[in-house]
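Undergrad: Output the structure for:
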Amino acid sequence: MTTKAELRRAQLRETLVLAAERRIREEGIAALRARDLAKDAGCAVGAIYNAFEDLNAIVLAVNGRTFKALGAQVAASINSADGESPQSRLIRMSHAYLAFAAENTLLWRALFDVNMPADGPVPTWYMEELNALFAHIARPVAEIFPQKGPTDLQLMVRALFSSVHGIVLLGLENRISGVPRNRIEEMISQVLTEITKA
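TA: Residues are numbered from 1 along each chain as shown. Got it, this is the predicted structure:
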């Protein structure tokens with residue numbers, strides 16, 4: 001049976017995660033401070049550390065929510081893609097990834113800017129959300145490269161993800177090696193079409 005103290009702690013954890021998510025969405029991960037977060041959540045600074053090990057643990061919780069939302073948007077992009085080629089589905093998913101990153105840039109950046117624990121494994125639930133995203137990519141990739149074994153297939157999935165991520169990152173940040181925002185989709189389409197030629 002859950003005690004009142006456990007219920008209060010769970011409610012505080014949820015409040016803190018939602019408050020941190022708002023802060024990160026508006027100002028980015030670097031602007032997240034315990035004092036501001038406590039004020040947003042209506043609690044004492046010390047209460048944060050009763051609910052979470054540290055601020056990084058809160059960011060990981062926010063990132064779990066972001067991965068879930070990103071995965072849902074990527075999955076929704078191929079809901080009506082029955083009968084389309086695997087290359088076409090990959091391109092659809094990549095464009096959905098770009099759209100999510102453009103609409104939620106600071107939350108998206110936090111997925112990759114968070115400090116992972118150096119002395120322990122990445123939390124299981126965190127890896128599950130990341131792997132769910134990779135699973136969407138793996139299905140069409142397995143169709144394109146049926147000769148690849150599981151290890152090589154996983155490597156190809158990560159290579160394609162990294163390629164698209166790099167294009168999106170450089171494009172959204174207007175880096176010198178990027179392309180204008182209105183041409184990022186075209187660049188992604190070209191790269192994926194060439195890489196996945198069977």
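Undergrad: phi, psi of the closest residue in space to Ala34 that isn't next to it in sequence?
TA: If you skip the residues right next to it in sequence, Ala34 has Val45 as its closest partner in space, 5.2 Å away by CB to CB, 6 or more residues apart in numbering. Heads up, the C-betas are built off the backbone N, CA and C, glycines and all. With angles defined as degrees, to the nearest 10, Val45 sits at phi -60, psi -40.
Undergrad: what's the neighbour count on Val45?
TA: Burial of Val45 is recorded as 13 neighbouring residues (other CB atoms under 10 Å).
Undergrad: Could you pull out the buried residues of the lowest-mean-pLDDT helix or strand in the chain?
TA: Counting by mean pLDDT, DSSP states H and E, the weakest-scoring helix or strand in the chain turns out to be helix 124-144, with a mean of 89. Within helix 124-144, the residues scored as buried using 16 or more other CB atoms under 10 Å are 126, 129-130, 132-133, 136-138, 140-141, 144.
Undergrad: got the angle for the next helix or strand after that helix vs helix 124-144?
TA: Toward the C-terminal end, the helix or strand that comes next after helix 124-144 (DSSP states H and E) is helix 150-172. Taking axes from the mean of the first three to the mean of the last three CA atoms, to 10 degrees, one finds that helix 150-172 is oriented at 100 degrees with respect to helix 124-144.
Undergrad: and whichever helix or strand comes after helix 150-172, which residues are buried?
TA: Next along the chain after helix 150-172, taking DSSP H and E as the criterion, comes helix 184-195. For helix 184-195, the buried set under the neighbour-count rule, 16+ other CB under 10 Å, comprises 184-185, 187-189, 191-192.
Undergrad: Which residues does stretch 154-169 contact?
TA: If you take CB atoms under 8 Å, 6 or more residues apart in numbering as the criterion, stretch 154-169 is touched by 90, 94, 97-98, 101, 134, 137-138, 141, 145, 148, 175, 178-179, 184, 187-188, 191-192, 195-196.
Undergrad: Let's test this: mean pLDDT of it, rounded?
TA: Stretch 154-169 carries an average pLDDT of 93.
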